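Enquirer: Structure, please.
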Amino acid sequence: MRLTVVGCSGSYPGPDSPASCYLLEADHHGRTWRVLVELGNGALGALQRHADPLAIDAVLLSHLHADHCLDLCGYYVLRKYHPSGPQPRIPVWGPDGTAERLARAYDLPVDPGMTEEFDFRAYDGAFQLGPFAVEPVPVEHPVPAYGLRITADGRTLAYSGDTAPCLGLDRVAHEADLLLAEASFVVGGDNPDGLHLTGADCGAVATRAGARSLVVTHVPPWHDREVALREATEQYDGPTTLAHPGMVREV
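Expert: A predicted model of the protein is given here:
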């Protein structure tokens, strides 16, 4: 399984990165499957450096804040009006209400909304998508939100989504080959409860869960990314890196 970081800026696009978007690729039955985890604002443009947007097999959304889903509006236009003709529907997994939320975002009537372009599916347990076994796990955030545990060819990527420290996050990260974890907060800041992780939280959950490597992501532009990395490495002694656009990791 190959992970490509399309965008990793937290809360809103930064000067050097779109908001959250991660491309996963794995070979299966003679072809390469491509799945997007998130499609936050600004990400659709950057995606085109790494993959043909018409070659995406599915989209997985952790939750419905704009920095994780809003570029589905542009993606809807691309798939609906592309000069090569209307494209086949692809599945979009997310929390209950995803179809209605995105119809409102583009000022469409809820019926049909974007349902002629996307096959919206609400998380309801584990499922298989080509080579990818996906386990969505509820995590702690002010809106319905999920961490994602994604396995292909015996290797597991754990993605925190946006979450505060919680048992669900520990379950997602358990013995993962790579933990991709958000660090929106800094230690000692005025951090509201039930919202996000610090870099130290990322390192602590990686240690607790026995993750084999850690990538710190979703650092907002107003914070120093190196601080998030330092906090994480103070709590976790395994391989740790900062996500950056264009970064590629074999999981």
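Enquirer: so when I look at Val6, I'm seeing a strand, right?
Expert: Yes - judged by DSSP: H, G, I helix; E, B strand; the rest coil, Val6 forms part of a strand.
Enquirer: mind checking how far it is from Pro53?
Expert: Distance from Val6 to Pro53, counting by CB to CB, to the nearest Å: 11 Å. From N, CA and C alone the C-beta is placed, and that goes for glycine too.
Enquirer: So those two - more neighbours on which side?
Expert: Val6 (30 against 19; other CB atoms under 10 Å).
Enquirer: I'd like the distance between the closest residue in space to that one that isn't next to it in sequence and Leu47.
Expert: Leaving aside its sequence neighbours, Val6 sits nearest to Cys21 (CB to CB, 6 or more residues apart in numbering; 3.9 Å). As defined by CB to CB, Cys21 lies at a distance of 6 Å from Leu47.
Enquirer: Check the contact lists of these two and give me the overlap.
Expert: 6, 36, 39 (CB atoms under 8 Å, 6 or more residues apart in numbering).
Enquirer: re the thing from before, can you work out which residues contact both of Val6 and Pro53?
Expert: Leu47.
Enquirer: hang on, Tyr123 packs against Pro136?
Expert: Yes - counting by CB atoms under 8 Å, Tyr123 touches Pro136, with 4.1 Å between them.
Enquirer: intersection of neighbour lists for the two?
Expert: 93, 146.
Enquirer: the more surrounded of the two?
Expert: Pro136 (26 against 22).
Enquirer: which residues does that one contact?
Expert: Per CB under 8 Å, 6+ apart, neighbours of Pro136: 93, 123, 125-126, 146-149.
Enquirer: before we move on, what about Leu229?
Expert: Here Leu229 is in contact with 199, 216, 240-242 (criterion: CB under 8 Å, 6+ apart).
Enquirer: those strands in the stretch 151-251 of the chain, which residues are they?
Expert: Ranges of strands in the stretch 151-251 of the chain, per DSSP state E, counting those that start in this stretch, are 155-159, 178-182, 214-217, 240-242, 248-250.
Enquirer: most packed of those strands?
Expert: strand 178-182 (a mean of 29; mean count of other CB atoms under 10 Å).
Enquirer: Would you mind writing the CA trace of that one as PDB?
Expert: What follows is strand 178-182 as a C-alpha-only set of coordinates in PDB (Å, rounded to 0.1, in the frame of the first residue of the first chain):
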ATOM      1  CA  LEU A 178       1.900   3.400  10.200                       C
ATOM      2  CA  LEU A 179      -0.100   5.800  12.300                       C
ATOM      3  CA  LEU A 180      -1.100   9.000  10.500                       C
ATOM      4  CA  ALA A 181      -2.100  11.300  13.400                       C
ATOM      5  CA  GLU A 182      -3.200  14.900  13.600                       C
END
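Enquirer: Give me the neighbour count for the residue lying closest to Leu44 once chain neighbours are set aside.
Expert: In this structure, Leu44 finds its nearest non-sequential neighbour in Asp71, 4.2 Å apart by CB to CB, 6+ apart. Neighbour count for Asp71, taken as other CB under 10 Å: 30.
Enquirer: what's the distance between Asp71 and Leu78?
Expert: 10 Å.
Enquirer: Now for those two: what residues contact both?
Expert: Common contacts of Asp71 and Leu78 (CB under 8 Å, 6+ apart): Leu44.
Enquirer: Neighbour count: Cys21 and Leu47, which is higher?
Expert: Cys21 (30 against 22).
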